[in-house]
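# Here you go, sequence then predicted model.
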Amino acid sequence: MLAYIARRIVYVIPIVISVALVCFLLVHITPGDPLVAVLPADASQELAAQLRAAYGFDRPLPVQFGLWLLRALHGDLGNSIATGRPVLAEVMRAVGNTVTLAIAAAIIGFTMGILLGLIAGYFRETWIDKVATSFAIAGVSVPHYWLGMVLVIIFSVQLNWLPAVGAGPGGSAAWAWDWAHLQYLVLPAITTSVIPMGIVTRTVRALTGDILSQDFVEALRAKGLHETGVFRHVIKNAAPTALAVMGLQLGYMLGGSILIETVFSWPGSGFLLNSAIFQRDLPLLQGTILILALFFVFLNLLVDIAQAAIDPRIKRG
């Protein structure tokens, strides 16, 4: 097991370097001057040149990348052009809010997806299967930003049960685990959970139906094994694939949804990324993309290790 983990970690190193290079290049090949956000309209050429030198934009791209990567390895992602604050502090504050939202959405989406998938798989080709599958298809098909606006209209505007926007009372971005803050989480979490719920439902349904049709299940039942024991075998065989799918979905949710976080004004990484794009804040844009990409890479690493722990065949492969 330790050798398998070591191999997976070695495989991650070139991926991380490639991710850093792609993040750097994607931001720099976009048109426009990033200093427009801080330069006054009547700025002289000398002032523009001084600012460009201060941020290192006057150097060749390979030199800029090398210096940026070296600073990033020491935890320095530079300062935001728009606010002047350290990028790492800005990103980690936003990522913390996105992680809170993603965990809440994962609990809702994965729980509902597993339950609906198991029920649909056990009762295939029945009305129960059709109802569960309809929920899954609707979850995947409905645009989540539209669903978010509908939920705001119903539960915030008409019923006045839940707040519409923000992450806390008075527009506070600091999170606390109390009802005053939790009520701001309900609508964004439900909206974010819909697509993962649909995908997990369809995956678990297909896995359950396939496993129940295999010969070893018939053999277990023929030997008189109780249905609870058969269910445990189904879960064990379905777990690796289902875990991989849920890991990918959790990675997408940790990446933050620009649309959902914008609809609910949730101060997460998606909302921060949206602001950085419109302000042409290159250091903030680079830092946000890099941190989110690293989250996704290391989450996949953890999923690979968990799969190997559940299914020894993966280690042998």
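Received it, and whenever you're ready, just let me know what you need.

# Low-confidence stretches in the stretch 1-150 of the chain?
1, 27-28, 30-43, 55 (pLDDT under 70).

# Do you have the helices of it handy? List them.
2-28, 45-54, 61-73, 87-122, 127-141, 144-151 (DSSP state H, counting those that start in this stretch).

# To residue 222, which of those helices lies closest?
helix 87-122 (18.5 Å; Cβ to Cβ). For glycine as for every other residue, the C-beta is placed from the backbone atoms N, C-alpha and C.

# so that closest one versus helix 127-141, what angle?
Relative orientation of helix 87-122 and helix 127-141, computed by axes from the mean of the first three to the mean of the last three Cα atoms, to 10 degrees: 160 degrees.

# Quick check: buried residues in helix 87-122?
Residues of helix 87-122 classed as buried by neighbour count (16 or more other Cβ atoms under 10 Å): 87-88, 90-91, 93-102, 104-106, 108-110, 112-114, 116-122.

# Determine the set of other helices and strands touching that helix.
helix 127-141, helix 179-212, helix 227-254, helix 269-279, helix 282-310 (3 or more Cβ pairs under 8 Å, 6 or more residues apart in numbering; DSSP states H and E).

# next one: that helix to chain centre, how far?
Taking Cα atoms, centre = their mean, to the nearest Å, one finds the center of helix 87-122 at 8 Å from the center of the full chain.

# Same question for stretch 45-63.
Distance, centroid of stretch 45-63 to centroid of chain: 34 Å (Cα atoms, centre = their mean).

# start to end distance for that stretch?
End-to-end distance for stretch 45-63: 23 Å, by Cα to Cα, to the nearest Å.

# any chance of the helices and strands packed on helix 87-122 in CSV, plus distance to residue 159 and mean neighbour count?
CSV is the format used below for those (distance: least, Cβ to Cβ, whole Å; neighbours: other Cβ atoms under 10 Å):
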stretch, distance to residue 159, mean neighbour count
helix 127-141, 22, 16
helix 179-212, 12, 22
helix 227-254, 26, 17
helix 269-279, 25, 21
helix 282-310, 34, 20
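
# Now distance to residue 148 too, for those helices, in a markdown table please.
Putting those into a markdown table (distance: least, Cβ to Cβ, whole Å) gives the following:
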| stretch | distance to residue 148 |
| --- | --- |
| helix 127-141 | 14 |
| helix 179-212 | 4 |
| helix 227-254 | 14 |
| helix 269-279 | 12 |
| helix 282-310 | 20 |
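
# For residue 78, which of the ones you listed is the nearest?
Here helix 282-310 is closest among those (Cβ to Cβ), at 3.9 Å.

# So which elements touch the closest one?
helix 2-28, helix 87-122, helix 227-254, helix 269-279, helix 312-316.

# Report the angle between the longest one and helix 61-73.
Read it as helix 87-122. Using the same axes, to 10 degrees, helix 87-122 lies at 80 degrees relative to helix 61-73.

# for the stretch 151-300 of the chain, what are the low-confidence residue spans?
For the stretch 151-300 of the chain (pLDDT under 70), the answer is 170-176, 255-256.

# Quickly note the distance from residue 92 to residue 117.
For residue 92, the distance to residue 117 (Cβ to Cβ, to the nearest Å) stands at 35 Å.

# who are the neighbours in contact with residue 178?
Residue 178 makes no contacts at all, as judged by Cβ atoms under 8 Å, 6 or more residues apart in numbering.

# Dihedrals phi and psi, it?
phi -140, psi 170 (degrees, to the nearest 10).

# can you check residue 74 too?
Residue torsions, per degrees, to the nearest 10, at residue 74 are phi -100, psi 10.

# got it, and residue 280?
Torsion angles, degrees, to the nearest 10, at residue 280: phi 50, psi 40.

# what about it, neighbour count?
20 (other Cβ atoms under 10 Å).

# thought residue 266 was touching residue 164?
No - under the criterion of Cβ atoms under 8 Å, residue 266 makes no contact with residue 164, lying 11.1 Å away.
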